[in-house]
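>>> Have a look at this prediction, sequence included:
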Amino acid sequence: MAVAMAQHYVGGDISLLTKYEEHGAKYYDKSGKPCGDMLKFFSEQGHNAMRVRLFVNPENASATDKGQGVCQDLDYVVKLGKRIKDSGFAFMLDIHYSDSWADPAKQFTPSEWLSLSDEQLYKKIHDYTKDCLQKLKVSGATPDFIQTGNEISYGMLWGKEGGSYKSYYAGKSDNRERFTNLLHNTIKACREECPMAKIILHTERVEQPAYSVSFYNDMKAANIDYDIIGLSYYPYYHGNLNSLTSVITNLETEFPDKKIMIVETGYFHHWQPKDVKYDFSSVWPISDDGQNKFTTALIEALKPHEGKVIGLFWWAMEMNEKGLDWGTQRVTDNWYNAGLFDNETGKATKSLTTLHSFLTKEQQAAIANPTIGKKQYSDLSYNLSGQRVTDNHKGIIIKNRNKILNIR
């Protein structure tokens, strides 16, 4: 699938969907009607892109991390990625170059790579990436977007946990060349195997606009070949919407040739933890309506940047404990009440549908079967991104106000 950069992409990270389905989670729409096929349901809400994480060898993750949802090896991702592509969605692959969670606080080298020198790691990360992409392609799960690392604000492949870390800090020379060499090699593999895919460099320093600019300046100086600036934004970690607006404004000014995506966001609909950094419950109450109020405010904040910010992805949108036996069939060890389904009722929250309004007016109009003047184009076919396609386009098409799944 060739990605048209003028389009907007909205959806979420659904990395645990397979596990929830296997364990019998019960998903319902807002009215209480069973959702049926979940990918079809998401498309009916106007979503057009899905994200899945990949770990090198999650079997090596700690019991704690496995209890948080670390299980996505290549075989798992191939199967879920194919479902996503067959259902007509754009597919974002989020590669954690680690056996477990890779984020700003931990970017630990996979166990099987620990004995490798830096030079050997440069080759390993290239070959590993290339091998993964080849297997995804052969299986019909070619990614449209590839994150070459997850939240890599401070580098990647630091070494062994508890050891002497080879971390990076924007604007400083320590390990900068090592980090950019790793990126050069993984991106080289992406360009070789998936030349149509867009490369995302993902950071999460929304609270620190100057650091974010410094990071991407380092990438520019090193001639890193990428397409999209990816950001994480959780208000309870990163502050109010003014913080997000500030970093976006700075980035679009400094890097006018790059698009921006919010590749992770979320807000609680129930049971906000007590240890959040910022409590916005007086602005956005911890409820279905409050979560939806946040979602609406977020989209409104992004609209002035419509030509620049082209993606919005909700993290863990699929989490849902309804129907599971907590003693024997749990998927995670703790409920995460910032997904888009109520863990107690299994019903979709209002935000699931509201996310659709992030799409451009043209996309929304196309999906709703547009009219121009008095002429109605009901005989035309569109994909979920609002792009004109032929009637035999593989995946879901919209025609005559109906969604049709073409499998060929």
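Sure thing, it's come through. These figures come from a predicted structure and were not determined experimentally. Numbers count the residues shown, from 1 in each chain.

>>> what about the strands in the stretch 151-300 of the chain?
Assigned by DSSP state E, counting those that start in this stretch, the strands in the stretch 151-300 of the chain fall at 198-203, 228-233, 259-265.

>>> Among these, show me which one is buried the most.
Highest mean neighbour count of the strands of the stretch 151-300 of the chain: strand 228-233, a mean of 25 (counted as mean count of other C-beta atoms under 10 Å). Every residue, glycine included, has its C-beta placed from N, CA and C.

>>> biggest helix in the chain by residues?
helix 118-138 (DSSP state H).

>>> now for it, which elements pack on it?
helix 74-86, strand 90-96, helix 176-193 (3 or more C-beta pairs under 8 Å, 6 or more residues apart in numbering; DSSP states H and E).

>>> just to revisit the earlier point, how about the strands of the stretch 151-300 of the chain in TSV, adding mean pLDDT?
Output for those, formatted as TSV (pLDDT from 0 to 100):
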stretch	mean pLDDT
strand 198-203	98
strand 228-233	98
strand 259-265	98
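
>>> okay, these in a markdown table with distance to residue 239 next?
Shown next, in a markdown table, are these (distance: least, C-beta to C-beta, whole Å):
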| stretch | distance to residue 239 |
| --- | --- |
| strand 198-203 | 15 |
| strand 228-233 | 9 |
| strand 259-265 | 13 |
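
>>> buried ones in the longest helix of the chain?
Buried residues in helix 118-138, defined by neighbour count with 16 or more other C-beta atoms under 10 Å: 121-122, 124-126, 128-130, 132-133, 135-136.

>>> Equivalent analysis for stretch 240-252, please.
Buried residues in stretch 240-252, counted by 16+ other C-beta under 10 Å: 241, 243-248, 251-252.

>>> for these, which one is nearest residue 181?
Closest approach to residue 181 among the buried residues of stretch 240-252 (C-beta to C-beta): residue 251, at 23.9 Å.

>>> show me what contacts residue 271?
In this structure, residue 271 makes contact with 286, 335, 337, judged by C-beta atoms under 8 Å, 6 or more residues apart in numbering.

>>> Go through those and name the one with the lowest pLDDT.
Of all those, residue 335 carries the smallest pLDDT score, 88.

>>> for it, what are its contacts?
Listed by C-beta under 8 Å, 6+ apart, the contact set of residue 335 reads 271, 319, 321, 343.

>>> how about 7 Å then?
321, 343 (C-beta atoms under 7 Å, 6 or more residues apart in numbering).

>>> before we move on, what SS does residue 12 have?
Under DSSP: H, G, I helix; E, B strand; the rest coil, the three-state class of residue 12 is strand.

>>> Count the residues that sit near the nearest residue to it once chain neighbours are set aside.
Excluding the flanking residues, the one nearest residue 12 by C-beta to C-beta, 6 or more residues apart in numbering is residue 317, at 3.3 Å. Residue 317 sits with 27 neighbouring residues when counted by other C-beta atoms under 10 Å.

>>> List just the one of the strands of the stretch 151-300 of the chain that sits closest to residue 40.
Here strand 259-265 is closest among these (C-beta to C-beta), at 23.6 Å.

>>> Go through the helices and strands packed on helix 118-138 and name the closest to residue 64.
Residue 64 sits nearest to strand 90-96 of all these, at 15.9 Å, using C-beta to C-beta.

>>> ok, residues contacting the closest one?
Residues contacting strand 90-96 (C-beta under 7 Å, 6+ apart): 1, 3, 9, 48-55, 81, 84-85, 102, 141, 143-150.

>>> Just those residues: which are in helices?
81, 84-85.

>>> Now do the same contact list for residue 360.
8, 306 are the contacts of residue 360 under C-beta under 7 Å, 6+ apart.

>>> Please report how far it lies from residue 145.
Distance from residue 360 to residue 145, counting by C-beta to C-beta, to the nearest Å: 18 Å.

>>> thinking again about what came up before, separate out the buried members of the contacts of strand 90-96.
Going by neighbour count (16+ other C-beta under 10 Å), those have 1, 3, 9, 48-55, 81, 84-85, 102, 141, 143-150 buried.

>>> Just to be careful, could you list which of those are in strands?
9, 49-55, 145-148 (DSSP state E).

>>> Let's have those in JSON lines, adding pLDDT and distance to residue 73.
Below are these laid out as JSON lines (pLDDT from 0 to 100; distance: C-beta to C-beta, whole Å):
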{"residue": "9", "pLDDT": "97", "distance to residue 73": "25"}
{"residue": "49", "pLDDT": "98", "distance to residue 73": "22"}
{"residue": "50", "pLDDT": "98", "distance to residue 73": "18"}
{"residue": "51", "pLDDT": "98", "distance to residue 73": "17"}
{"residue": "52", "pLDDT": "99", "distance to residue 73": "12"}
{"residue": "53", "pLDDT": "98", "distance to residue 73": "11"}
{"residue": "54", "pLDDT": "99", "distance to residue 73": "8"}
{"residue": "55", "pLDDT": "98", "distance to residue 73": "6"}
{"residue": "145", "pLDDT": "98", "distance to residue 73": "20"}
{"residue": "146", "pLDDT": "98", "distance to residue 73": "17"}
{"residue": "147", "pLDDT": "98", "distance to residue 73": "17"}
{"residue": "148", "pLDDT": "98", "distance to residue 73": "18"}
